[in-house]
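> Quick one, fold the following:
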Amino acid sequence: MPQGCDLTEIYDRYGPMLFRLCFLRLQSKEDAEDAVQSVFLKLLCEEKSFESDEHLRFWLVRVAINTCHNAEKSAFRRKTVGPEALEDLSVTDEMHVQTLLDLFSLPAKYREVLYLHYYAGYSAAEIARLLKTTEAAVFMRLSRARKQLKLALKEDAS
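Reported below is the predicted structural model:
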């Protein structure tokens, strides 16, 4: 683990964000919890030092994305999510519940970029580095995700 870091403090600061990222990708509370646990286990075993809090945050997100990607390849993964899964995110507003359901209907690559951009606050360039893709691909995914989400929300309104 990096020197001078308190694991509890790091977990309190970044754990909820990593859980939401993993939950959006894996669509299962248990799988998301397992992924976050794996990320922090890797951090505990990590011997490199981090230059800053932003460097640590970036590393945690990158490891979470890789962990989710590996979990998705597992033969034991289920590919479904129901409205009951939203209870795990403490969503109570009916409009937000429907928006999240529409978000879950998007492909994983679109859910991921929307979360990283709008909730985690990463720029397109940072997301490109995290996802190991080009900035143009990130902009395209964001554009397509917004269009698909907008269409889904319009259908819900009618």
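> which SSE is Lys147 in?
In the assignment (DSSP states H and E), Lys147 maps to helix 135-157.
> Now tell me what touches that helix from outside.
The contact list for helix 135-157, computed with CB atoms under 8 Å, 6 or more residues apart in numbering, reads 98-99, 102-103, 105-106, 109-111, 113-114, 117, 124-125, 127-128, 131. Just so you know, the C-beta spots here come from the backbone N, C-alpha and C atoms, and that holds for glycine as well.
> can you list the weak-confidence ranges in the protein?
1-5, 74-102, 156-158 (pLDDT under 70).
> gap between the residue nearest in space to the middle of it and Ala32?
When CA atoms, centre = their mean is applied to the chain, the residue found nearest the centroid is Leu21 (1.7 Å). Distance of Leu21 to Ala32, given as CB to CB, to the nearest Å: 8 Å.
> re the thing from before, narrow the contacts of helix 135-157 to those that are buried.
The neighbour count (16 or more other CB atoms under 10 Å) marks 98-99, 102-103, 106, 109-111, 113-114, 117, 124, 127-128, 131 as buried among these.
> Quickly check these for the two that are furthest apart.
Farthest pair in the buried ones among the contacts of helix 135-157 (CB to CB) is Gln98 and Ala128. Separation: 30.3 Å.
> hang on, the earlier thing: report the buried residues of the helix holding Lys147.
Result for helix 135-157 [16+ other CB under 10 Å]: buried residues Val138, Arg141, Leu142, Ala145, Gln148, Leu149, Ala152.
> do the same with stretch 56-64
By 16+ other CB under 10 Å, the buried positions in stretch 56-64 come out as Leu56, Arg57, Phe58, Trp59, Leu60, Val61, Val63, Ala64.
> Check stretch 29-43 too.
So stretch 29-43, judged by 16+ other CB under 10 Å, has buried residues Lys29, Asp31, Ala32, Ala35, Val36, Ser38, Val39, Phe40, Lys42, Leu43.
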